[in-house]
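Chemist: Sequence plus the predicted model coming up.
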Amino acid sequence: MQTTIVWVLLGAVFGAGVAALFAAARLRTAQAARVEDQKKVVELQATLQAERAAAGEKLALLEQAREKLSETFASLSADALRRNNDEFLRLANENLQKFREQASGDFKLTKAEIDNLVKPVSETLGKLERQVGELEVKREGAYHTLTQQVKELATGQSALGKETRNLVTALRAPATRGRWGEVQLKRVAELAGMVEYCDFVEQETIEGEDGRLRPDMIVKLPNDRCVVVDAKAPLMAYLEAVECTDEDTRQERLAQHARQVRDHMMKLASKAYWKQIGESPEFVVMFLPGESFYSAALEQDPSLIEFGADSRVILATPTTLIALLHAVAYGWRQEKLAEDAEQIARLGADLHVRLVKVLEHVTKVGRGLRTAVDAYNDAVGSIESRLLVQARKFQGLAAPAERGIEVLEPIDRQVRHVQALELGLPEESAAPDPDSGAGPDVP
């Protein structure tokens, strides 16, 4: 476990180192770009200084030219100088002003161009500084998070070790250890859907040849069969092995744990639960409340499975017992389906009897309808041939009559036969086809 913590810490330090190297590489790249941009700024500043120096030289040349012109005209005659001095000075001042304005415009134009060139560089440098700052913040946050996670892992590991020690201390008491096994057994049964009031019974006492037997759970099977589960497996040697720091002592305790498991299997085999409980399979299930108990015993004694099969004692962990109980639950579902199918068959047979009775009544009604139709048709034929002939003679003699004699139509529709030979009803003779020309006899 300490090796695991060391590997986790090494992994954390390695991850922090990789993150730091990645941030350093990004920082070096950003610094290199910044140095390159600074070089460009220096070059542009040098160009600006050169332009400023050139403008200064032009102004100096203008001043020198002005001085030379003043000296030249000073040597002329005073009269000509006085006449032309003001005009010359005016023109000189105008020209000088034009040169100054031109030089100032050139300087402003050069400054604007330099500003346009420097502005993107300044913006890039600003973005770079912000990105570097964000990377630094993220790096510090990641390092802080990693440090916090390592601390939480160490705290959790310490708490887990403490809880493990508390559990080991608590399980040293036989009553606590037995109750814990029963709770685990009940939890496994609940996970498998074997509800207590339906499919299993806890702590049932059985009177046997050697006295009272008390299995931890009896799993009821269909057809009044059951399987006994015992959860009193010895765990003391394994718990001592967990606390051992010396490897040799730990292996000795694990070997003792395997022997205790084998001895308990022999005790269960000697109790022969299947002889005390009727219609029970000839085996008993020995429940180990954890996968680690089973794997540790099997690692020390690989023949435990064969020994259990020969002794009619089946070792079961929570995983295997859940699978076994799922199979039992499936058997109960099949049993329920069989019971439902049997009840459906009974209901079907009763429904068949009632249906036959109803069809017999319907058949009688059909016969009565056919008899009534035949009688009606006979009466209509008799009226047509015997009464209406004489009545129509009255109309020919102009005998007074409020209404004419209506024509009586025979009923040509046939009553539909009930075809129910599969229900055991006798087949009735077919009625005459109205299209064949056959009709009722007319007397």
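Modeler: The structure has been received and is ready for your questions.

Chemist: Skip the chain neighbours and tell me the closest residue to residue 312.
Modeler: residue 283 (4.4 Å; C-beta to C-beta, 6 or more residues apart in numbering). For the C-beta atoms, the positions are set from N, CA and C on the backbone; glycine is no exception.

Chemist: residues near that neighbour, how many?
Modeler: Around residue 283 there are 18 other residues, counting by other C-beta atoms under 10 Å.

Chemist: Residue 368 now?
Modeler: Residue 368: 11 surrounding residues under other C-beta under 10 Å.

Chemist: next one: residue 244
Modeler: By the measure other C-beta under 10 Å, the count of residues near residue 244 is 14.

Chemist: Neighbours of the residue lying closest to it once chain neighbours are set aside, how many?
Modeler: Here the nearest residue to residue 244 in space, its sequence neighbours aside, is residue 250; by C-beta to C-beta, 6+ apart that works out to 4.0 Å. Neighbour count of residue 250, defined by other C-beta under 10 Å: 15.

Chemist: Which strand or helix spans residue 250?
Modeler: helix 247-271 (DSSP states H and E).

Chemist: Please point out which parts of that helix sit buried.
Modeler: Along helix 247-271, these residues count as buried under the neighbour rule (16 or more other C-beta atoms under 10 Å): 253-258, 260-262, 264-265, 268-269, 271.

Chemist: Residue 62: which of those residues is nearest?
Modeler: Nearest to residue 62 among the buried residues of helix 247-271: residue 254, at 105.9 Å, using C-beta to C-beta.

Chemist: Where does residue 135 sit: helix, strand or coil?
Modeler: Here residue 135 is recorded as helix under DSSP: H, G, I helix; E, B strand; the rest coil.

Chemist: pretty sure it contacts residue 27?
Modeler: Yes - judged on C-beta atoms under 8 Å, residue 135 makes contact with residue 27 at a distance of 7.0 Å.

Chemist: Helices of the stretch 151-300 of the chain, start to end?
Modeler: Along the stretch 151-300 of the chain, counting by DSSP state H, counting those that start in this stretch, helices occupy 174-191, 196-199, 236-243, 247-271, 273-276, 291-300.

Chemist: Nearest to residue 3, out of these?
Modeler: Using C-beta to C-beta, those put helix 247-271 closest to residue 3, at 13.2 Å.

Chemist: now the helix holding residue 250: mean pLDDT?
Modeler: Helix 247-271 carries an average pLDDT of 88.

Chemist: outside of that helix, which residues touch it?
Modeler: With C-beta atoms under 8 Å, 6 or more residues apart in numbering as the test, helix 247-271 has contacts from 208, 210, 213, 230, 232-238, 240-241, 244, 284, 286, 288, 293, 296-301, 304, 307-308, 311-313, 315.

Chemist: Can I get the buried part of the residues you listed as one PyMOL selection?
Modeler: Those of the contacts of helix 247-271 that count as buried under 16+ other C-beta under 10 Å are selected in PyMOL with:
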select buried, resi 213+230+232+233+234+235+236+237+238+240+241+284+286+288+293+296+297+300+301+304+307+308+311+312+313+315
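
Chemist: Mind listing what's buried along stretch 127-143?
Modeler: 128, 132, 135, 139.

Chemist: How about stretch 365-380?
Modeler: For stretch 365-380, by 16+ other C-beta under 10 Å, it's 366, 373-374, 377-378, 380.
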